[in-house]
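**Student:** give the three-dimensional model of this entry:
(chains A and B)
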Amino acid sequence: MNPYSDLIPFIVAIPLLGFLINGLIGLKSKSYRKHKAFIGGLSTLAVFIPFIIAVLLFINMSSDSEPIVVHLFTWIKAGHFSTDIAYRIDPLSIVMVMVVTGVGSLIHLYSMGYMADDRGYWKFFAYMNLFIFAMLNLVMGSNVLLLFLGWEGVGLCSFLLIGFWYEDMSKAIAAKKAFLYNRVGDFAFLIAMFMLYQAVGSLDFGVILKNVHNIPHNAAFWITILMLVGATGKSAQIPLFVWLPDAMAGPTPVSSLIHAATMVTSGVYLISRLSFLYTLVPSVMLVVAVIGGVTALVAATIAITQQDIKRVLAYSTVSQLGYMFLALGAGGYAAAMFHLITHAFFKGLLFLGAGSVITSMHRVEHKLEHNGEHVDFDPQDMRNMGGLKKYMPSTYWTFMLATLAISGIPIFAGFFSKDEVLAFAFNAGLGQYAQGMYFAVWGIGMITAFLTGFYMFRLTIGTFHGTFKLPKRVKGAENAEQYLEENGWNMTVPLWILGILSAIGGFIGLPEFWAETFGSEAHINVLHNWLENVTATVSSHASVGTEWILMLISIILAVGAAIIAYKMYSDDKVEASDAMLAKRFGGLYQLWADKYNFDEAYEGYVVNPVVKFSDKVLAVFDMKVVDGIVNAVGGIIRLFGSIFRYIQTGVTQNYALIMVLGVIIVLGILIL
Amino acid sequence: MSTLLNFTIYLPLAGLIGILLAKTDKQVKWVSFIATLATFIISLPLMLNFDASSSGVQQYVSQSGAWLPGLDIKYIMGLDGLSLLLFMLTTLFGPIVVLSAWNSVSKHVKGFFAMLMILQTASLGVFAALDLFVFYIFFELSLIPMYFLIGIWGGKERITATIKFFIYTLFGSLIMLVGLIYLGYYAGNAVNHGVFTTDWRILASPAFHIGLVQQTYLFLAFALAFCIKVPLFPFHTWLPYAHTEAPTAGSVVLAAIMLKMGTYGLLRFCLPLFPNASMTFAPYLAILAIIGIIYGALVAMVQKDVKKLVAYSSVSHLGFVVLGIFAMTTISVQGSIIQMINHGLSTGALFLIVGMIYDRRHTREISEYGGIARVVPIFALMFMIATLASIGLPGLNGFVGEFLILTGSFGSTVLGSHAFTIFAAMGVVLAAAYMLWMYRRVLFGPITNEKNKSLIDLNAREIGLLIPLVILMFWIGIHPSTFTRYSEKQVSELLQGSKNKAMAIRQNAKSSELPEWASRMYDITSKIAENNIK
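**Tutor:** Here you go, the predicted structure:
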């Protein structure tokens, strides 16, 4: 028994309390809103304390610990149906809790600097705490329904935070778009829940996992495929990924916390949670892998063409999530979780770095305007940047660490996790089922690995290397350079902590075949061992030699991509090289730049027709046809009514009279 | 306690006398407020003392002798698991509605509040009546004040709306009245020594069987009246008119209380009295419910008037309730009961909120607003909570109802297909689409209309009347069993009883005595398969 298990409810309660304090007092009292250090500090602590609790729990756990389930009270109950508000801590959920609260508290700290001048400071932190609360329900919920509460809750917070600057209509629209695309996924999720309840008679994870083998195959197929659809909504996979790039309208810490490190990985967590069920349905597993692989490639190609630094990172996130799905589909649940963790470090960091750059660019804008210059430029456009390395050394170096990690350069975190993902895909290709498809998916993963290094170095070089381009591009900004400076400690400290984690975080999942090579039986993949009882595993088919070759290939691809990008984009050649790429790839490049026209297709073929149909057909039908028939009937009755008009004047009394007469007649009948 | 129940029902009428005696408008309002608040307070013991473990038994029953010689029509009042929550919802909304009209009514103030009082008593009577005839009288009585509320204090097209509302609902009621009289005699002959009776307890008893042919006609008569009231597609077109033209208080009572009389009637009368017909017609009603869910949502999406949008959303939401009732599983019916309360809370709140902004700007056009969240933050917050409750966000009330209805109907053998649930669940996506779209257009973006820049945020009265609703939205969302436990037992007994009765009626039916359509419809000729009924 874990000595700290009594503290489990506090993990969720404390962020909720933080939300209530900042939210309610902030709403009520204008003077409270001025105590920014208190508000931000309280909010950060409300995430940090749960992190400490999670670490204490973690230290006292082992990979074969029994899950700790804390029942608080019965939530929904009717007939035979019953669900509790209950939290489940096991090796899988504790990892998620630590990632959410750990990365979460760093981002809260960072936000104290980033949001310092915003008038909605109190509201921002209230929403952020609410998000953490919802996310913790998602990962700790001991039944599918409580997970769903968190699932929708994080969707709500995402909506509120994307639309945080709601006075800008495009941001409000992006917020609604995110919520709706998620709802489409949630629709599938709901149906899956009904089926799951039908098949198992309970929504409790413990019961479900015990009974996976009793679920009829047909039901298992539909449950897993529908859950997958739900996951593609939340985790921004094809076909529901289009909301995520628009979600960048939110403040950058939001992009970092919600749209990179935590919420968007919920789908990965969900499938890992139900890994024993998924493993039973190979056809769905293949679908998961294919969706992941294709999404990874599609998003990576779009990322190459983007100029907005946050959008590059957004597409990169979609692509990296694709890797996680690829791993899940190949049976590498632990590998997917591994990539989820390292991704939380390096992508969280990349967004915070981008935020640091954007803050700096904003500062330049403000100072120029303060000096009476009317400048108008996009502070997120890479083409206005360049040369920031000199002025923002902490941002640059940490950004570079994250770039090395995501690109898969050896010993950095992403190298190990991505390599494991690809190894699983290759391994599935050697398996029994759909070998060709899995090899194809592996190939796609390899190509994407190359593209990842390419677009990430393009971004880093374009932003930080070369010369600062704003003075040349924007009139009135000739002296802008003097205003560039590094941000304060509360922004740089989180950068460095995440930077270190991006550098060394991969050591929690060293490849087992390294030990095997030296004839050792040691299990050096710590994470893998940690998760072996809570996620399904597949047997390995590849020999040690093959694994070394695979690793070598991915090293060559990653390093090659970095070198090519460096050659192409350094010395301020970003625009020239982009133009060159556009020319060489022609229509293909255009397709990437147009984001494969997913948005246009959804708008044009689904949303607009439905709205138009409702407006021009249904609403008219309702008024003319449905109501028309009623009017015709009403006309006949009014004809009778007009007889009474001779007796009484005024429409009002007529019908009251009809009533009274009716009652008299009825009573008359009864008495007679 | 039975005295307390009657006292609760008629206290608003006592308030009516006070209103008539009052000298100033201010006195009128205070008398109304005190009367309705007192009604609510004295109704609380009814809930607190209610024995949930025997919720199938009518409690606090009071009973008079027969009214008329030769007819066993009695004044019987009481509460049970089916009615308790709706009764409490009605008493809760009394003071809230009065408060909401505090500053919005300027002409004939006395008359206005007098109508509210009559409406309150009538509504309470509907939910407490245990004699079908008494139910009918209250059911009709509730129409009259609503008719005047819309016709006198309504918007520009109030007369059209009133006529449509009245004719439509009256039409339904008259058909029900015919059914009721027939039923009374039928029951009298069957189980009451030849004496006409409308005592619900006799009608619903397992001993009383209605023949299949008669059941069919009676079911259709009753169901039509109730479906108009709900309203179920395609009988819904009176609702957008009535809601749009009614003053805020009228819309709130209409949405929160009066529409529930329809769903309540289906549950209390159609299921237990006409079980075979209910089961046979269940899939068809479920189809209409689902059309209502999707159709209502799509039409709501393109409305330009906020009130009309909320009105169509009611069509959509109540489709869920009807679906749950006719899925006939304990889970789904429990969901329907709590969803009736939920719809009252969230749609009631939405109408209140829309009314508050209408009081300030005197327009309901969505395009007249935009970007007002910055000017009226508390209004925006309240609106957001009601919106989220309405779209079924987990943790708020709407989710509990929708989830139970959908889960229950998914496993329903009466409906016999998962397709019902799957189509209905689409309503969840559509609800988010039209509500958030409306919310965005009203509150987000830049302020485009100069007049909106000087809007004043909600005052203490307005916040105060919304707070109880908000608290209940969270309460039901987080701990619904506080409320669902009251109906749990009765619902499972009622469903089991109805199914047993249906089976008994079928077994006793002889195809030779039935017209061909009836034996085909109820599958009498072939061997009775028990699992058809289960």
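**Student:** residue B:118 and residue B:51, how far apart?
**Tutor:** Using CB to CB, to the nearest Å, residue B:118 is found at 31 Å from residue B:51. For the C-beta atoms, the positions are set from N, CA and C on the backbone; glycine is no exception.
**Student:** comparing the two, which shows the higher neighbour count?
**Tutor:** Shown here are residue B:118 and residue B:51; by other CB atoms under 10 Å in any protein chain shown, residue B:118 has more neighbours (20 against 11).
**Student:** number of nearby residues for residue 268?
**Tutor:** Picked chain A for this. 27.
**Student:** meant chain B, my bad for not saying
**Tutor:** When counting by other CB under 10 Å, one arrives at 22 neighbours for residue B:268.
**Student:** give me the residue from the stretch 301-450 of chain A nearest chain B.
**Tutor:** Closest residue of the stretch 301-450 of chain A to chain B, CB to the nearest CB: residue A:376 (17.8 Å).
**Student:** spit out the contact partners of that residue.
**Tutor:** Neighbour list for residue A:376: residue A:474 [criterion: CB atoms under 8 Å, 6 or more residues apart in numbering or on different chains].
**Student:** how about the secondary structure of it?
**Tutor:** coil (DSSP: H, G, I helix; E, B strand; the rest coil).
**Student:** kindly report the same for the one 10 residues further on.
**Tutor:** Judged by three-state DSSP, the three-state class of residue A:386 is coil.
**Student:** that one against residue A:468, yeah?
**Tutor:** Yes: taking contacts as CB atoms under 8 Å, residue A:386 lies within contact range of residue A:468: 5.5 Å.
**Student:** show me what counts as buried in the longest helix along chain B.
**Tutor:** The longest helix of chain B (DSSP state H) is helix B:158-191. Using 16 or more other CB atoms under 10 Å in any protein chain shown as the test for burial, helix B:158-191 gives B:158, B:161-177, B:179-181, B:183-188, B:190-191.
**Student:** show me which of these neighbour chain A.
**Tutor:** Among these, the ones lying near chain A by CB under 8 Å from any CB of the partner chain are B:162, B:163, B:164, B:166, B:167, B:168, B:170, B:171, B:174, B:177, B:181.
**Student:** which residues in the chain form strands?
**Tutor:** In the absence of a named chain, this looks at chain A. Using DSSP state E, the strands of chain A run over A:68-78, A:81-89.
**Student:** looking at chain B here, not the other one
**Tutor:** B:59-68, B:71-79, B:196-197.
**Student:** let me see the ranges of the helices in the stretch 451-600 of chain A.
**Tutor:** Assigned helices in the stretch 451-600 of chain A, in chain order: A:470-473, A:489-504, A:512-517, A:526-531, A:544-569, A:574-585, A:587-593, A:598-602 (criterion: DSSP state H, counting those that start in this stretch).
**Student:** the fourth one packs against which elements?
**Tutor:** Here helix A:526-531 is seen to pack against helix A:91-114, helix A:333-370 when contacts are counted using 3 or more CB pairs under 8 Å, 6 or more residues apart in numbering or on different chains; DSSP states H and E.
**Student:** let's have these in CSV, adding distance to chain B.
**Tutor:** Shown next, in CSV, are these (distance: least, CB to the nearest CB, whole Å):
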stretch, distance to chain B
helix A:91-114, 18
helix A:333-370, 20
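**Student:** TSV for those, including mean neighbour count?
**Tutor:** Formatted as TSV, these follow (neighbours: other CB atoms under 10 Å in any protein chain shown):
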stretch	mean neighbour count
helix A:91-114	26
helix A:333-370	25
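**Student:** with mean pLDDT added, can I get those helices in JSON lines?
**Tutor:** Converted to JSON lines, the helices and strands packed on helix A:526-531 look like this (pLDDT from 0 to 100):
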{"stretch": "helix A:91-114", "mean pLDDT": "95"}
{"stretch": "helix A:333-370", "mean pLDDT": "93"}
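**Student:** format the ones you listed as JSON lines; extra columns: distance to residue B:234.
**Tutor:** Shown next, in JSON lines, are the helices and strands packed on helix A:526-531 (distance: least, CB to CB, whole Å):
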{"stretch": "helix A:91-114", "distance to residue B:234": "49"}
{"stretch": "helix A:333-370", "distance to residue B:234": "50"}
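**Student:** to residue B:113, which of those helices lies closest?
**Tutor:** With CB to CB as the measure, helix A:91-114 is the member of the helices and strands packed on helix A:526-531 nearest residue B:113 (51.3 Å).
**Student:** look at the residue of the stretch 451-600 of chain A at minimum distance from chain B and say how many residues are nearby.
**Tutor:** The minimum distance from the stretch 451-600 of chain A to chain B, using CB to the nearest CB, falls at residue A:599 (16.6 Å). Applying other CB under 10 Å, we find 16 residues neighbouring residue A:599.
**Student:** same question for the one 3 residues further on.
**Tutor:** Residues near residue A:602, counting by other CB under 10 Å, number 16.
**Student:** likewise the one 4 residues further on?
**Tutor:** The local packing count at residue A:606 equals 11, with neighbours defined by other CB under 10 Å.
**Student:** measure it to residue A:477 for me?
**Tutor:** Relative to residue A:477, residue A:606 is positioned 43 Å away (CB to CB).
**Student:** same thing with residue B:64?
**Tutor:** Residue B:64 is 89 Å from residue A:477, where distance means CB to CB.
**Student:** which one's more surrounded, those two?
**Tutor:** In this view residue B:64 and residue A:477 are compared by other CB under 10 Å, and residue A:477 has more residues nearby, 22 against 12.
**Student:** and residue B:212, what does it touch?
**Tutor:** B:276, B:277, B:505, B:506, B:509, B:514, B:518, B:521, B:522, B:524.
**Student:** tell me where chain B is predicted with low confidence.
**Tutor:** Where chain B drops to pLDDT under 70, the residues are B:525-534.
**Student:** hmm, 80 instead?
**Tutor:** Applying pLDDT under 80 to chain B picks out residues B:1, B:55-56, B:65-70, B:510-513, B:524-534.
**Student:** could you work out the end-to-end span of stretch A:512-523 for me?
**Tutor:** End-to-end distance of stretch A:512-523 (CA to CA, to the nearest Å): 6 Å.
**Student:** where's the one residue in the stretch 101-250 of chain B that gets nearest to chain A relative to residue B:165, distance?
**Tutor:** In the stretch 101-250 of chain B, the residue that lies nearest chain A is residue B:237 (3.9 Å; CB to the nearest CB). Distance, residue B:237 to residue B:165, by CB to CB: 10 Å.
**Student:** what's the neighbour count on the nearest residue to residue A:64 once chain neighbours are set aside?
**Tutor:** Leaving aside its sequence neighbours, residue A:64 sits nearest to residue A:533 (CB to CB, 6 or more residues apart in numbering or on different chains; 5.6 Å). As a burial measure, residue A:533 scores 16 neighbours (other CB under 10 Å).
**Student:** next one: the one 4 residues further on
**Tutor:** Neighbourhood size, residue A:537 [other CB under 10 Å]: 15.
**Student:** over to the one 4 residues further on?
**Tutor:** Counted with other CB under 10 Å, the neighbours of residue A:541 add up to 13.
**Student:** these two touch, right, residue A:161 and residue A:255?
**Tutor:** No: Residue A:161 is beyond contact range of residue A:255, at 9.2 Å (criterion: CB under 8 Å).
**Student:** the most centrally placed residue in chain A: what's it in contact with?
**Tutor:** With distances taken as CA atoms, centre = their mean, residue A:264 lies nearest the centre of chain A, 1.7 Å away. By CB under 8 Å, 6+ apart, residue A:264 lies in contact with A:234, A:235, A:236, A:244, A:258, A:317, A:321.
**Student:** repeat the analysis, applying 6 Å as the threshold.
**Tutor:** Taking CB atoms under 6 Å, 6 or more residues apart in numbering or on different chains, we find residue A:264 in contact with A:235, A:236.
**Student:** what's the separation between it and chain B?
**Tutor:** Going from residue A:264 to chain B by CB to the nearest CB, to the nearest Å gives 19 Å.
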